[in-house]
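> task: produce atomic coordinates for the following.
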Amino acid sequence: MRAGIAGAATAVVVLALTACGGSVNGNDGDRNGARTTIVVWAGSTGSTEPLKKQLIGEFNSSQDKYRVELETQPASTEAHAKLINAIKNKQAPNLVLDDGQPQSVGQIIATGSVVPLDKYLDAADATVKKSDFTKGMLDTGTFDGKVYTLPTQGGDYALIYNKAMFKAAGIANPPTTWAELQEDAAKLTIGTKQYGMYLPIGTGGTGPYYWQSMLWSAGGEFMNADNTAVEFNSPAGVRALTAWTDMVKNGIAYPTSLQTPSDNGNTAAMASKRVAMALNGAFNLGVLDQALGKDNVGVAPMPPLDKPAMNLGSNNSYILQSTSAQEDGAWAFLQYWLTPTVQAKWDIAGGFLPTNNKTAADPSWTKYLADNPRIKVFADELSYARSRPSIEAYAGIADALSVELEKALLQKQSPADALKNAEAAATAALKK
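So this is what the prediction gives:
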């Protein structure tokens with residue numbers, strides 16, 4: 001997560017897939033003599049970029065059949081539009097690594113250029129199989145019953161809280177229910193200087209990503225079973241949104257948005273000591289530790305309205321049509337990238353969570369959790385986490401909902417009106 005990690009956490013790297021490589025579409029896959037070249041597009045990951053290149057180099061050295069060439073892409077919200085353009089111009093890559101908008105990959109699938117992975121996953125000699133993933137994780141890449149993408153970076157969110165502020169307010173432990181969170185937020189609020197909670201006010205995918213956990217916790221559903229109609233405009237939906245809007249109305253949640261292109265506002269709100277609590281991902285702990293001191297940054301499971309609920313964030317990878325040799329090579333690399341020791345090393349360095357059961361059981365990961373109990377909170381939430389709908393229309397639905405959620409949080413309309421308006425706009429997006 002990290003959007004996704006994604007779609008939700010703004011910190012997720014979104015690939016700007018400019019047409020600069022080759023595949024199906026123009027790359028003969030034989031630039032290195034007997035080796036088949038596999039062009040991989042991935043977004044820059046900052047301080048962990050050298051590790052990514054090292055791991056790719058180790059794959060290249062481990063065999064003599066394929067050679068992976070990494071083409072790093074700058075961040076952009078127009079990633080999929082640019083990839084589609086690259087496909088049309090026969091300049092697409094063989095593999096897209098860690099796409100930060102997996103729920104929107106349906107747009108790419110609609111071009112007919114994404115390779116279904118079922119034949120690879122079901123092969124007798126496959127080292128990565130469907131059974132290696134939880135249903136929620138596998139659902140992130142399943143469209144119309146076929147697996148088109150696999151989650152290669154995992155994430156979710158939890159309640160992050162300022163221990164010093166809790167101590168000053170006389171609160172010994174983090175809240176375990178949303179009702180307790182509201183009570184604690186009131187105690188933690190000091191006029192307009194310090195608020196108890198930051199809520200995801202703003203448009204885009206972030207608000208819906210966090211709010212879906214509230215909806216599920218209240219017993220509601222985002223869409224129907226076959227993803228043909230939205231269902232969030234329900235009594236459970238109104239209750240879930242009211243739990244947020246009441247906090248703003250009562251002056252115990254930050255009243256405006258701090259969202260920027262690089263942060264959905266929760267990190268900035270806590271780092272600047274304007275709030276005592278926020279929902280956030282593990283990948284932002286480093287920033288908060290630096291700003292507040294590691295011993296001052298606490299992590300607890302997201303407090304539920306009723307039952308525990310969590311929304312998966314994942315960055316997914318997928319293969320684009322090319323020659324059979326290139327497709328097989330892209331799959332070979334994807335299997336390598338999901339090897340427990342490789343994924344564990346990457347997850348630990350980047351603040352991600354394992355996407356498959358084998359990595360979760362790897363000794364290097366289990367030791368890391370034992371040494372880092374805050375990360376274990378995020379990892380434990382995966383046991384009941386669900387995924388957002390993997391449909392082409394999801395981005396339009398989420399955008400429509402986010403506009404109305406923001407209006408409700410800014411006290412411009414009631415939760416009931418917000419969800420009614422969002423239902424109409426989301427239904428229009430779904431019909432497109």
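> where do the strands sit along the stretch 201-350 of the chain?
Along the stretch 201-350 of the chain, the segments classed as strands by DSSP state E, counting those that start in this stretch run 275-280, 297-300, 310-311, 313-319.
> what packs against the last one?
Under the contact definition 3 or more Cβ pairs under 8 Å, 6 or more residues apart in numbering; DSSP states H and E, strand 313-319 sits against strand 95-99, strand 150-155, helix 324-337. (Each C-beta comes from the backbone N, C-alpha and C, glycine too.)
> can you check which of these gets nearest to residue 385?
Residue 385 lies closest, by Cβ to Cβ, to one member of the helices and strands packed on strand 313-319: strand 150-155, at 9.2 Å.
> mind listing what's buried along stretch 379-397?
For stretch 379-397, a neighbour-count test (16 or more other Cβ atoms under 10 Å) marks 379, 381-382, 385-397 as buried.
> how far does that stretch stretch from one end to the other?
End-to-end distance for stretch 379-397: 28 Å, by Cα to Cα, to the nearest Å.
> so how far is it off the chain centroid?
8 Å (Cα atoms, centre = their mean, to the nearest Å).
> can you add mean pLDDT and mean neighbour count and give the strands of the stretch 201-350 of the chain back as JSON lines?
Formatted as JSON lines, the strands of the stretch 201-350 of the chain follow (pLDDT from 0 to 100; neighbours: other Cβ atoms under 10 Å):
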{"stretch": "strand 275-280", "mean pLDDT": "98", "mean neighbour count": "28"}
{"stretch": "strand 297-300", "mean pLDDT": "98", "mean neighbour count": "20"}
{"stretch": "strand 310-311", "mean pLDDT": "96", "mean neighbour count": "26"}
{"stretch": "strand 313-319", "mean pLDDT": "95", "mean neighbour count": "30"}
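> looking at those, spot the one closest to residue 199.
Proximity of the strands of the stretch 201-350 of the chain to residue 199 was assessed by Cβ to Cβ; the nearest stretch is strand 275-280, lying at 8.2 Å.
> which strands or helices does that closest one pack on?
Strand 275-280 packs on strand 158-162, helix 178-188, strand 195-198, helix 266-271, going by 3+ Cβ pairs under 8 Å, 6+ apart.
> which residues touch residue 400?
Going by Cβ atoms under 8 Å, 6 or more residues apart in numbering, residue 400 touches 422, 425, 426, 428, 429.
> of the residues you listed, closest to residue 104?
Out of these, the member with the shortest distance to residue 104 (by Cβ to Cβ) is residue 429, at 12.0 Å.
> go ahead and confirm residue 150 touches residue 118.
No - Residue 150 is beyond contact range of residue 118, at 11.2 Å (criterion: Cβ atoms under 8 Å).
> those two: which is more packed in?
When residue 150 and residue 118 are compared for neighbours, residue 150 comes out ahead with 28 against 14, by other Cβ atoms under 10 Å.
> now the closest residue to residue 393 other than its chain neighbours: how far from residue 228?
Nearest residue to residue 393, sequence neighbours excluded (Cβ to Cβ, 6 or more residues apart in numbering): residue 430, at 4.7 Å. Relative to residue 228, residue 430 is positioned 8 Å away (Cβ to Cβ, to the nearest Å).
> among the strands of the stretch 201-350 of the chain, which comes closest to residue 372?
Closest of those to residue 372 is strand 297-300, at 9.9 Å (criterion: Cβ to Cβ).
> which elements pack onto the closest one?
strand 158-162, helix 163-168, helix 285-292, helix 373-381.
> what about the third one, distance to the chain center?
Taking the mean C-alpha point of helix 285-292 and that of its whole chain, the gap between them comes to 20 Å (Cα atoms, centre = their mean).
> equivalent analysis for stretch 163-174, please.
From the chain centre to the centre of stretch 163-174 is a distance of 30 Å (Cα atoms, centre = their mean).
> ends of that stretch, how far apart?
Stretch 163-174 end-to-end distance (Cα to Cα) = 9 Å.
> run through who's touching it.
By Cβ under 8 Å, 6+ apart, stretch 163-174 touches 159, 161, 184, 187-188, 194, 273, 276, 292, 295-298, 300, 303.
> could you give the mean pLDDT of it?
For stretch 163-174, mean pLDDT rounds to 98.
> nearest to residue 93, of the contacts of residue 400?
residue 429 (28.7 Å).
> now the helices and strands packed on strand 297-300 as CSV including distance to residue 70?
Output for those, formatted as CSV (distance: least, Cβ to Cβ, whole Å):
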stretch, distance to residue 70
strand 158-162, 32
helix 163-168, 41
helix 285-292, 24
helix 373-381, 27
